[in-house]
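Novice: Sequence and predicted structure below; questions after.
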Amino acid sequence: MSDASLSQDEINALLQGADDMSAEPAGMGMPSGGGTDLTGAEKSTLRDIAGVIASSQANTLSSISTKNTKIEVTKADMGTVASLKSALTGQSAIITIPYTAPAAGDMFFIFKGADALKIASIM
């Protein structure tokens, strides 16, 4: 996907994700800790943004490792950092990327411990 267009697999994944989100009852995601639940449209937008980021990361890892790399966005939800950490099992590597503009917030990349070691060994 070097020309920034979506492959058929990515289009299918986005369409499947939209179907999954529309079927999900409100509030059935990660506990929000009193925050506002995301609407289906907001989740879809976040998944689209994350999909673009994931595609870029996959291209970068493919270039570095010279192996085909696929990264998929499987879920977009809202919750507290504490509820996110409590939902994790086993050893994980968590990378936090803070955003300050145009909107403040954090993005988290979470890898199983073994997967993080594989990625780190490429470098």
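Specialist: Yep, it's here.
Novice: Low-confidence stretches in this protein?
Specialist: 1-6, 10-36, 123 (pLDDT under 70).
Novice: what about the longest helix in it?
Specialist: helix 40-65 (DSSP state H).
Novice: Now do the buried residues in it.
Specialist: Judged by neighbour count (16 or more other Cβ atoms under 10 Å), helix 40-65 contains these buried residues: 43, 44, 46, 47, 50, 51, 54, 55, 58, 61, 62. All C-beta spots, glycine's among them, are computed from the backbone N, C-alpha and C.
Novice: Could you do stretch 64-80 as well?
Specialist: 69, 71, 73, 76, 77, 78, 79.
Novice: Tell me the one among those nearest to residue 112.
Specialist: The shortest approach to residue 112 among the buried residues of stretch 64-80 belongs to residue 71, at 13.6 Å (Cβ to Cβ).
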